[in-house]
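Student: Here's my sequence, what's the structure:
(chains A and B)
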Amino acid sequence: MSNDKPMRLKLHVWRQAGPNAAGSMKEYVAENVNPHMSFLEMLDVVNDGLEAKGEAPIAFDHDCREGICGMCSMVINGVPHGGHKGVTACQLHMRHFKDGDEVYIEPWRAKAFPVVKDLIVDRGAFDRIIASGGFVSVATGGAPDANALPIPKRDADAAFDAATCIGCGACVAACKNASASLFVGAKVSHLAHVPQGHPERAERAKNMVAQMDKEGFGTCSNLSQCEAVCPKGITVKVIAELNRELAKAQAK
Amino acid sequence: MKLDSKTPSGDIKDRWSKHKFEMKLVNPANKRKYTVLVVGTGLAGASASATLAELGYNVHTFCFQDSPRRAHSIAAQGGINAAKNYRNDGDSVFRLFYDTVKGGEWRARESNVYRLAEVSVNIIDQCVAQGVPFAREYGGLLDNRSFGGSQVSRTFYARGQTGQQLLIGAYQALERQIGLGAVKMHTRHEMLEVVTIPDGSGVPQAKGIVTRDLVTGKVEAWAGDAVVLATGGYGNVFFLSTNAKGCNVTATYRAYKKGAGFGNPCFTQIHPTCIPVSGDYQSKLTLMSESLRNDGRVWVPKTPGDSRPIAQIPENERDYILERKYPSYGNLAPRDVSSRAAKEACDAGKGVGPGGRGVYLDFSDSIKRLGADKIKERYGNLFDMYQTITGDDPYQKPMRIYPAVHYTMGGLWVDYNLMSTVPGLHVIGEANFSDHGANRLGASALMQGLADGYFVLPYTIGDYLARQKPMKDVGISTEHPEFKKALADVEARTSKFLSIKGKRSVDSFHRELGLLMWEKCGMARNAKGLGELLQQIPALREEFWKSVSVPGSGAELNVSLEKAGRVADFLEFGELMARDALDRDESCGGHFREEHQDEEGECVRNDEKFMHAAVWEYQGDGKAPARHTEPLTFEYVKPTKRSYK
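Tutor: Residues are numbered from 1 along each chain as shown, chains lettered A, B, ... in the order given. So this is what the prediction gives:
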């Protein structure tokens, strides 16, 4: 809270008119940047200026702006979400920058996440992976009493740790192979740690991995960059669990 | 406008069971002949889409985000209520019903609220069966916490991310149906018009919608046998709120303009514990969950203008405002009451932090009593979020909080079957006006969203569809002239925005509207301010249509165009809200009219004149809307002074 001095930043932003258009980095100046602003608020101010001049604002995905919807997705100075532990781009605050900084802003880059416009990419592949098996097949109604089946706290906590994935795709953007292993592992791990997920665990692992491959995500690089950028602190342990689930499923 | 609530008669305990039996059913082989269009994929929309598809209907589901998992239900933090009485502390369906009616200050329909409390227990079962990782105790059973406005522990939670876990549960159920081909999902599609077509007897029925593909700009019509709006609340009329940036009134407002009555638009909820505004660039406000009030104490210095550092303010010079004013509920007083207490303290000059708009939420006693580890386990992610945003560490010094717009109890009027005044148009979740009256209790929004989507609408929509011939049999398709007209209307509106080529950004208008609404139709309202607002909004709207800048074209992804459409609707809707707030000449719940308060600053209701839902009917642009009323009767929870002292 100490330093409230406004800053001036030079931005280099990826602009691309559409999926098939050629893109390039364009320069903008962000004036009067208040250190308490969020990164997206800084972009809002730049966009407000562009709009008032009749120029197209920089398109970027965002919605909740509190780090939970998973919609915001930009690579800031080479790191997805900007490289602060546990923080999405919308929660990154300008107090981490200093006057005169140059900031490079790019979209997620991965074959399975084609650019839609500027910083917006299509993450439909993630939805299709969930649709291939990331669920428990229970229809509405007829569920037994919620306390009928006790679940040990450590299992419930482990399930929760994996279930916090927000589906933002930073893990893919950080991986040199554009692998979705952390995302898939998080869901497989979540549902493997609760008894409700057990009946379908073999099929789930096989189907989700098959869909992941089909979408064009690469294989795990074993470099753990995904863990380093995950805003929810999901660890590569879930990838190990995914591999174990898959191996067990294939042995069946 | 006829407001028939279709409430069943008999003992309230039996009404829903009786109604379920009396409703018509669509036989399994016939369900596939009907198509239902669901707009929105939050808790209500996702759960309804999945459940309707499981039943065998054809479902088309639409959301404006890139994935159904992004809907703003995801941001709900604290928990979900259910009358399970797992704590053995005296909870029951009746007590949850009672608390909710009282919490809403006797401005909701008793039968609906009772049903909500009744199905609350099924929701938890359903979510656990889906694998939702609720918080558990060491014995493996589910844990509970307390929330405002209740003296029992009935709130189930998943750390501070309950909304996320429940929504992912519903989203996964939805994705499963998408994978099975039973739901056709249309992401990045925004609904811009409801289409009605007169039936054999000339009564308009909702038979479709028009959407804009936000990627390609394609404007498209969709025909269905029924339409379900699950498009959330309108809190963003204030620009700054805890809502996601994309939340908007467009779907419900477009439906209002097609004849759906809008119920109690002035009922808005101001949440007491949000991170205060830090500057004029602010784009949204962040909530700090109400659950924090289980262990945090709200206080301000007793002396106005006291700017000493916290450590130098001795205990006896601190005013624990909620504990002092409401000893029996203390820091867990309901949201409207707590918000006003904070405002009152700040108005008296006791506010803390820059601008004096803030109060402390202090955990130091709890940290002493339970240890920092326990507090971290309960609220770790919320503390982290606070620190990320403000740069301050709440383990070391108290949080600074202030009320902010959070939820809207008003919404499209619906009957007991969750159908609006337009037959076939169903409205669920926050988008309807149904269950919370003038104030919603904490952890009840998630409950209502899932109750509507999993357990109510799937029954009641069948009753409507069973009385309709499938659209294909009566020749309804997107070739119908009403669809052509709706498409042309949307295209014309788009061209209009693009042709203005003014000099002001869309957001600048939205901010200006929001500030006006906050000042004059926010936490406290009076006839003078509302009267001024009714002059200022039309003037701002006129300015908007003259000088807004919407660059680019309609045939591309155009963020400015998306925002312009939403802001244009807010600029009309704000006026409706102000009108409703002016005409409701009483104080109740979130609607606090300064003219109607007692000597201690509490709400004074006027049950004789206002024990009703106010329902607004659109009469045409430039014409005053008509105000209708649905009288409310209370057989089970007798209206009294709502006191939490």
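
Student: residues contacting the residue of chain B found nearest chain A?
Tutor: Nearest residue of chain B to chain A (CB to the nearest CB) works out as residue B:140 at 2.8 Å. Just so you know, the C-beta spots here come from the backbone N, C-alpha and C atoms, and that holds for glycine as well. When contacts are counted by CB atoms under 8 Å, 6 or more residues apart in numbering or on different chains, residue B:140 touches A:150-153, A:156.

Student: Please report the distance of it from residue B:152.
Tutor: 22 Å (CB to CB, to the nearest Å).

Student: Please pull out the lowest mean pLDDT helix or strand from chain B.
Tutor: Of all the helices and strands that make up chain B, helix B:372-390 has the lowest average by mean pLDDT, DSSP states H and E, namely a mean of 91.

Student: quick one, domains of the chain?
Tutor: Just so you know, I chose chain A. Domain assignment of chain A by automatic domain parsing yields the ranges A:7-106, A:123-251.

Student: wrong one, I was asking about chain B
Tutor: According to automatic domain parsing, the domains of chain B span B:272-405, B:493-610.

Student: closest one to residue B:38 among those domains?
Tutor: Nearest of the domains of chain B to residue B:38, taken as CB to CB: domain B:493-610 at 19.9 Å.

Student: Tell me where chain A has strands.
Tutor: A:7-15, A:24-33, A:75-76, A:79-80, A:102-106, A:115-117, A:120-121 (DSSP state E).

Student: Can you give the distance of the fifth one from its chain's centre?
Tutor: On the basis of CA atoms, centre = their mean, to the nearest Å, the separation between the geometric centre of strand A:102-106 and that of its chain is 18 Å.

Student: Report the angle between that strand and strand A:24-33.
Tutor: Going by axes from the mean of the first three to the mean of the last three CA atoms, to 10 degrees, strand A:102-106 is angled at 130 degrees with respect to strand A:24-33.

Student: strands paired with strand A:102-106, and their directions?
Tutor: strand A:7-15 (parallel), strand A:75-76 (antiparallel) (DSSP bridges).

Student: Which residues outside that strand are in contact with it?
Tutor: By CB under 8 Å, 6+ apart, strand A:102-106 touches A:9-14, A:25, A:43, A:74-78, A:97, A:119.

Student: among these, who's most crowded?
Tutor: residue A:74 (30 neighbours; other CB atoms under 10 Å in any protein chain shown).

Student: Tell me how far it lies from residue B:249.
Tutor: 28 Å.

Student: Same check on residue A:13?
Tutor: 31 Å.

Student: Over to residue A:72?
Tutor: 23 Å.

Student: re the thing from before, with distance to residue B:552 and mean pLDDT as added columns, please give the domains of chain A in TSV.
Tutor: Output for the domains of chain A, formatted as TSV (distance: least, CB to CB, whole Å; pLDDT from 0 to 100):
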stretch	distance to residue B:552	mean pLDDT
domain A:7-106	5	97
domain A:123-251	23	97
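
Student: Mind putting these into JSON lines with distance to residue B:540?
Tutor: Formatted as JSON lines, those follow (distance: least, CB to CB, whole Å):
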{"stretch": "domain A:7-106", "distance to residue B:540": "17"}
{"stretch": "domain A:123-251", "distance to residue B:540": "36"}
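
Student: Those domains: which one's closest to residue B:352?
Tutor: domain A:7-106 (16.8 Å).

Student: Tell me how many other residues surround residue B:198.
Tutor: So residue B:198, with other CB under 10 Å, has 11 neighbours.

Student: Who are the contact partners of residue A:49?
Tutor: residue B:505.

Student: if we can go back for a sec, going along the chain from the least confident helix or strand of chain B, find the next helix or strand for me.
Tutor: Helices and strands here follow DSSP states H and E; after helix B:372-390, the next one along the chain is strand B:399-408.

Student: need the next SSE after that next one, C-terminal direction.
Tutor: Taking DSSP H and E, what comes next after strand B:399-408 is strand B:411-412.

Student: residues of the helix ranked longest in chain B that come out buried?
Tutor: Counting by DSSP state H, the longest helix found in chain B is helix B:559-583. Using 16 or more other CB atoms under 10 Å in any protein chain shown as the test for burial, helix B:559-583 gives B:559-582.

Student: How about the residues of the stretch 101-250 of chain B by chain A?
Tutor: B:122, B:124-131, B:133-142, B:158-159, B:161, B:163-165, B:168, B:171-173, B:175-176, B:178-179, B:185, B:187, B:215, B:244-246 (CB under 8 Å from any CB of the partner chain).

Student: Restricted to strands, list those residues.
Tutor: Checked against DSSP E, those include these in strands: residue B:185.

Student: could you flag which of the residues of the stretch 101-250 of chain B next to chain A are buried?
Tutor: B:122, B:124-131, B:133-136, B:141-142, B:158-159, B:161, B:163-165, B:168, B:171-173, B:175-176, B:178-179, B:185, B:187, B:215, B:244-246.

Student: do you know how far the one residue in the stretch 1-150 of chain A that gets nearest to chain B is from residue A:195?
Tutor: Closest to chain B within the stretch 1-150 of chain A is residue A:150: 2.8 Å, counting by CB to the nearest CB. Going from residue A:150 to residue A:195 by CB to CB gives 10 Å.

Student: So for the two, which sits in the more crowded spot?
Tutor: residue A:150 (16 against 13).

Student: That one - nearest residue in space that isn't next to it in sequence?
Tutor: Leaving aside its sequence neighbours, residue A:150 sits nearest to residue B:140 (CB to CB, 6 or more residues apart in numbering or on different chains; 2.8 Å).

Student: The domains of chain B: which one's closest to residue B:27?
Tutor: Here domain B:493-610 is closest among the domains of chain B (CB to CB), at 40.0 Å.

Student: Now that closest one: average pLDDT?
Tutor: Average pLDDT, domain B:493-610: 97.

Student: quick one: is that domain near chain A?
Tutor: Yes - legend: contact between domain B:493-610 and chain A by CB under 8 Å from any CB is shown at B:501, B:503-508, B:549-552, B:556-560.

Student: now the domains of chain B in CSV, with distance to residue B:110?
Tutor: Below are these laid out as CSV (distance: least, CB to CB, whole Å):
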stretch, distance to residue B:110
domain B:272-405, 19
domain B:493-610, 14
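
Student: quick one, which of those domains is nearest to residue A:163?
Tutor: Closest among those, using CB to CB: domain B:272-405, at 13.0 Å.

Student: can you pull the contacts of residue 54?
Tutor: Just so you know, I chose chain A. B:501, B:549, B:551.

Student: look at chain B instead
Tutor: Contacts of residue B:54 by CB under 8 Å, 6+ apart are A:139-140, B:177, B:182.
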